[in-house]
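Chemist: need a 3D model of the following:
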Amino acid sequence: MALRRAKRPEHPTPPGGAAVELTGVRRQYGRGAGAVHALRGIDLTLPRGSFTAVMGPSGSGKSTFLQCAAGLDRPTAGSVRLGGTEIGGMSENRLTELRRSRLGFVFQAFNLLPSLTVEQNVLLPMRLAGQRPDRRRAAEVLTQVGLGDKGARRPSELSGGQQQRVALARALVTRPDVVFADEPTGALDTTTAAEVLTLLRGAVDSLNATVVMVTHDPVAAGYADRVLFLADGAIADTLPRSSPARIADRMRALTAPGATPATAYAGAAA
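Modeler: Here you go, the predicted model:
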C-alpha cells in the first residue's frame, strides 16, 4: 500500500533541515541520593524526511526521550528544538498549540474516541488547534492509508489494524513537522504490524514526513533509516538501516550482564 505524495506547507526551517534537535538534554526526577537520571545529556539531530527508531532495555530512557523530544515533558537541562523552534521557554499554552498544529502522535492503544466517526477522529487535531476542519484533507489521508471508504464508520466497527491506520491518518492530517510513534505495533499481529510499518515508511518516502518511533521490536526497527540505542539514559550506539538480526545483536549487547553504554558500544563495534 503506497502513500501518494502531497503538498507540504511552509515551515520555519527549509526541507532537508533539522526536524528535531536535542542539545545536552538531561531529565532528572527527584533530588539527592534518590534522584533518578532518566536522560544523561542527549545530543542528537534528526533531519527532515527521516525515520528514526529508538530502542533500549527497560528503564533506558526511551519513553522520557520521546516525551522530552515531543514537548510532553520538560528537560531538567538542555535545549529541544522542533522544526527550528526552541520550545524550552514556551508557556504551556504555546507548547500545546505547537503540539496540536505541528506534531503528530501514534500510540500503541490507538486512542480513538469511540463516539466519533473515523472522519471526525481524523479531523480532531484540526478542531483542537482551532482550525476549520478540512473534510477534503481528511478524505485524502484516509485514502492514503487505505481507508477511503471508512469515514462514516465508528472505531468499534474496525479491526485493530484499521484503527491504527486511522490513528496514523489523524497524525498526518495537519502535515506535521514530526510524527512521534510510541510502540505503534505493540498491539497488532505480525501481518497487520507490517502493514502499519509500511505506511509509516511510506509517509517518510512519499510525503517527506519525519518519524521518530520508540519500539522494542527489531523487525519494526528494521524499517527505519537509523536505529538509536539508549542505555542508562545515554546514547549507547546507533546503526544505519539494518536487518532485524543485526539490530537484535546490538540489543543483546546492551542487555548482557554487566553491560554499560560504553562496553556495549565497544562490544558491538568489535
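Chemist: so what's Phe180 bridging to?
Modeler: For Phe180, the beta-bridge partners under DSSP bridges are Phe105, Val212.
Chemist: for Val214, see how far away it is.
Modeler: To Val214, Phe180 is 8 Å away according to Cβ to Cβ, to the nearest Å. From N, CA and C alone the C-beta is placed, and that goes for glycine too.
Chemist: can you give me the strands in the chain?
Modeler: Secondary structure of the chain (DSSP state E): strands located at 18-29, 36-47, 51-55, 77-82, 85-86, 103-107, 178-182, 211-214, 226-231, 234-240.
Chemist: give me the neighbour count for the nearest residue to Gly186 once chain neighbours are set aside.
Modeler: Nearest residue to Gly186, sequence neighbours excluded (Cβ to Cβ, 6 or more residues apart in numbering): Gln108, at 4.1 Å. By the criterion of other Cβ atoms under 10 Å, Gln108 has 17 neighbours.
Chemist: mind listing what's buried along the longest helix seen in the chain?
Modeler: When the chain is scanned for its longest helix (criterion: DSSP state H), the result is helix 190-207. The neighbour-count check on helix 190-207 (16 or more other Cβ atoms under 10 Å) flags 192-197, 199-204, 207 as buried.
Chemist: what mean pLDDT does it have?
Modeler: Across helix 190-207, the average pLDDT comes to 93.
Chemist: poorly predicted segments of this structure, please.
Modeler: Within the chain, the stretches with pLDDT under 70 are 1-16, 257-270.
Chemist: any idea which residue is closest to the centre of it?
Modeler: The structure's the chain has its C-alpha centroid closest to Phe180; by Cα atoms, centre = their mean the separation is 2.0 Å.
Chemist: distance of that residue from Val54?
Modeler: Per Cβ to Cβ, Phe180 is found 10 Å from Val54.
Chemist: with Ala70 instead?
Modeler: Taking Cβ to Cβ, one finds Ala70 at 12 Å from Val54.
Chemist: for Arg201, same thing?
Modeler: 16 Å.
Chemist: how about Glu183?
Modeler: With Cβ to Cβ as the criterion, Glu183 and Val54 are 11 Å apart.
Chemist: related to what we said a few turns ago, of the strands of the chain, which is nearest Asn121?
Modeler: Across these, Asn121 has its closest neighbour in strand 103-107 (12.6 Å, Cβ to Cβ).
Chemist: okay, Ser63 and Arg137: tell me how far apart.
Modeler: Distance from Ser63 to Arg137, by Cβ to Cβ: 31 Å.
Chemist: same question for Leu98.
Modeler: Counting by Cβ to Cβ, the gap from Leu98 to Arg137 is 20 Å.
Chemist: same check on Ala33?
Modeler: Taking Cβ to Cβ, one finds Ala33 at 52 Å from Arg137.
Chemist: who's more crowded, those two?
Modeler: The neighbour comparison of Ala33 against Arg137 (other Cβ under 10 Å) goes to Arg137, with 19 against 5.
Chemist: common neighbours of Glu183 and Val54, please.
Modeler: Val214, Thr215 (Cβ atoms under 8 Å, 6 or more residues apart in numbering).
Chemist: neighbour count: those two, which is higher?
Modeler: Counting neighbours by other Cβ under 10 Å for Glu183 and for Val54 shows that Val54 has the greater number, 27 against 18.
Chemist: so that one is in contact with Val214, correct?
Modeler: Yes: here Val54 reaches Val214: they are 4.8 Å apart, a contact under Cβ atoms under 8 Å.
Chemist: any common contacting residues for these two?
Modeler: Lys62, Phe65, Leu66.
Chemist: just the ones of the residues you listed in helices?
Modeler: Counting by DSSP H, the shared contacts of Val54 and Val214 contribute Lys62, Phe65, Leu66 to helices.
Chemist: for those residues, which one is nearest Ala129?
Modeler: Leu66 (21.0 Å).
Chemist: for the closest one, which non-adjacent residue is spatially closest?
Modeler: Nearest residue to Leu66 in three dimensions, chain neighbours excluded: Val214, at 5.2 Å (Cβ to Cβ, 6+ apart).
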